[in-house]
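A.B. asks: Next one to model:
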Amino acid sequence: MPELVLTFLGTGTSIGIPVIGCECEVCRSEDPRDKRLRSSIHVHTAEADWVVDTGPDFRTQCLRAGIRHLDAVIYTHAHMDHVTGFDDLRRFSIGADEVLPLYAEKATLADLKRMFAFAFSGENRYPGYIKPEPYEIKGPFVLGNTRILPLPVRHGKVETTGFLFEREGRKLVAYVPDCKEFSPEALAALEGTDTLILDALRRTPHPTHMNFTEALAIVERINPRAAWFTHMSDEILHARDEAALPPPVKIAYDGLQLEW
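C.D. replies: I've put the predicted structure just below:
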């Protein structure tokens, strides 16, 4: 049995693919790998299950992936495409006394408490309501036997958080979906990581996301065994653009599972 299974629940940018009203080649593509819900992942281990981010497609993603249980939720940042499926977490804290641990750094946690005050107020503790148990990320934390290291990165003017998942001292996989610039601490932490999952919005430059050239430079610096691009726009046609990438880089797609 694998030690850790990661499922891409979504690999698209904030407006999803196909884009409403767009008739471009990617939005009209019949390749299922070009159908991209908003970016999120699910992680399964023998001890715990969690998701990173709950965007507006979260209910659909859970139904499609068959997610029935969660032990925790982790947030990278509080932009709308990463948090607005929040209320669908109610399915994972059904009982009146059943809470759902939620991990985020200080600013993200403050935004969540402001956006979803009804859930954090402590007044709505009824069966079937979302009852988050917030934990501020101040450094590495543990879910089951997985050590999770926060990776501070810049996403335009906003600081966001990527995550490195380690088991028994092995750096299995890092997930960094919204990023323009890596901090020195994040780059140092990634040395020796088996697999990188990186923001690679499109081929052309963007002010707040890495493009393919910038993401490839990070891959070259870290030199992982495998690398996957995610959080992509409708500029990226899977079959065409993956074929042009150097090994070990590939393009992720919704429903893809990775195992260690």
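A.B. asks: how close does Val173 sit to Ala217?
C.D. replies: Going from Val173 to Ala217 by CB to CB, to the nearest Å gives 20 Å. (Each C-beta comes from the backbone N, C-alpha and C, glycine too.)
A.B. asks: between those two, which one's more packed in?
C.D. replies: Neighbours were counted for Val173 and for Ala217 using other CB atoms under 10 Å; Val173 has more, 23 against 12.
A.B. asks: Show me what whichever helix or strand the more buried one is part of pairs with in its sheet, parallel or antiparallel.
C.D. replies: Val173 is part of strand 170-176, with elements assigned from DSSP states H and E. Take DSSP bridges as the rule and strand 170-176 pairs in its sheet with strand 158-167 (antiparallel), strand 195-199 (parallel).
A.B. asks: next helix or strand past that strand?
C.D. replies: From strand 170-176 onward toward the C-terminus, using DSSP H and E, the following helix or strand is strand 181-182.
A.B. asks: What segments of the stretch 101-250 of the chain are strands?
C.D. replies: 132-136, 141-143, 146-155, 158-167, 170-176, 181-182, 195-199, 226-230, 249-251 (DSSP state E, counting those that start in this stretch).
A.B. asks: Mean pLDDT added to those, as TSV?
C.D. replies: Shown next, in TSV, are the strands of the stretch 101-250 of the chain (pLDDT from 0 to 100):
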stretch	mean pLDDT
strand 132-136	97
strand 141-143	98
strand 146-155	96
strand 158-167	96
strand 170-176	98
strand 181-182	94
strand 195-199	98
strand 226-230	98
strand 249-251	98
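A.B. asks: Out of these, which is closest to Tyr75?
C.D. replies: Among these, the nearest to Tyr75 by CB to CB is strand 158-167 (7.8 Å).
A.B. asks: which residues touch that closest one?
C.D. replies: The contact list for strand 158-167, computed with CB atoms under 8 Å, 6 or more residues apart in numbering, reads 3-4, 43, 45, 52, 74-77, 79, 104-105, 107-108, 137, 145-154, 171-179, 186, 189-190, 193, 208, 260.
A.B. asks: Buried members of these into PyMOL, please.
C.D. replies: Of the contacts of strand 158-167, the buried ones go into a single PyMOL selection, burial set by 16 or more other CB atoms under 10 Å:
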select buried, resi 4+43+45+52+74+75+76+77+79+104+105+108+137+146+147+148+149+150+151+153+154+171+172+173+174+175+176+177+178+179+186+189+190+193+208
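A.B. asks: Just to check, Pro132 is in contact with Leu102?
C.D. replies: Yes: using CB atoms under 8 Å, Pro132 is in contact with Leu102, at 4.4 Å.
A.B. asks: More neighbours: which of these two?
C.D. replies: Each of Pro132 and Leu102 has its neighbours counted (other CB under 10 Å); Leu102 has more, 23 against 20.
A.B. asks: in terms of contact, does the more buried one touch Val73 like I think?
C.D. replies: Yes: at 5.0 Å, Leu102 counts as touching Val73 under the criterion of CB under 8 Å.
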